[in-house]
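Trainee: Next one to model:
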Amino acid sequence: MDKSDLLFLNGYWEIERVTFPDGSKKEYEVSTSIDYIELKNFKGFRKKVQPNFNGTYVTSNDAEMFTISENEGILSLNYKTDLSEWREKIASLSENHFTVINEENIKYHYKKFEPIDLEQ
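Mentor: Next up, the predicted model:
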């Protein structure tokens with residue numbers, strides 16, 4: 001993965017599934033909230049939003065700030081809030097999918113969010 005690929009993180013993402021260390025999985029058929037990620041100059045934020053049928057989003061003012069770091073060729077998202085600090089390694093990243101692995105070795109698989117088009 002190249003650092004220029006990090007620009008793919010910008011936008012709206014929907015969780016697809018979670019893979020646990022024992023190999024078990026939890027699939028997400030429909031999510032009521034999605035993640036909005038904005039990244040610039042290796043710093044960014046992530047916040048939960050709820051899509052509306054008219055193409056708008058409802059959001060809260062809560063955002064998790066993060067920075068990107070690189071260690072031995074592995075890129076990580078480093079979060080820090082008033083309550084906690086944690087790191088997620090970026091396992092894969094493309095224009096339409098990304099996977100992160102947290103410190104408990106749980107993998108979170110995301111896909112680019114596609115709004116529902118009711119006019120089709």
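Trainee: Can you spell out which helices and strands pack onto the one helix or strand in the chain whose mean pLDDT sits lowest?
Mentor: Lowest on mean pLDDT, DSSP states H and E among the helices and strands of the chain sits strand 57-59, with a mean of 85. Under the contact definition 3 or more C-beta pairs under 8 Å, 6 or more residues apart in numbering; DSSP states H and E, strand 57-59 sits against strand 43-51. Yep, even glycine has a C-beta here, placed from its N, CA and C like the rest.
Trainee: Parallel or antiparallel, list what pairs with the strand it packs on.
Mentor: Next to strand 43-51 in the sheet, as set by DSSP bridges, lie strand 34-40 (antiparallel), strand 57-59 (antiparallel), strand 64-71 (antiparallel).
Trainee: Let me see the ranges of the strands in this protein.
Mentor: 11-19, 25-27, 34-40, 43-51, 57-59, 64-71, 74-80, 85-93, 97-101, 107-112 (DSSP state E).
Trainee: Report the spatially closest residue to residue 38, excluding sequence-adjacent ones.
Mentor: Nearest residue to residue 38, sequence neighbours excluded (C-beta to C-beta, 6 or more residues apart in numbering): residue 44, at 5.3 Å.
Trainee: looking at it, that neighbour is touching residue 35, isn't it?
Mentor: No. Counting by C-beta atoms under 8 Å, residue 44 stays clear of residue 35, with 11.5 Å between them.
Trainee: any idea how far the nearest residue to residue 96 once chain neighbours are set aside is from residue 10?
Mentor: Distances taken as C-beta to C-beta, 6+ apart place residue 112 nearest to residue 96, at 4.6 Å, with adjacent residues excluded. According to C-beta to C-beta, to the nearest Å, residue 112 stands 11 Å off from residue 10.
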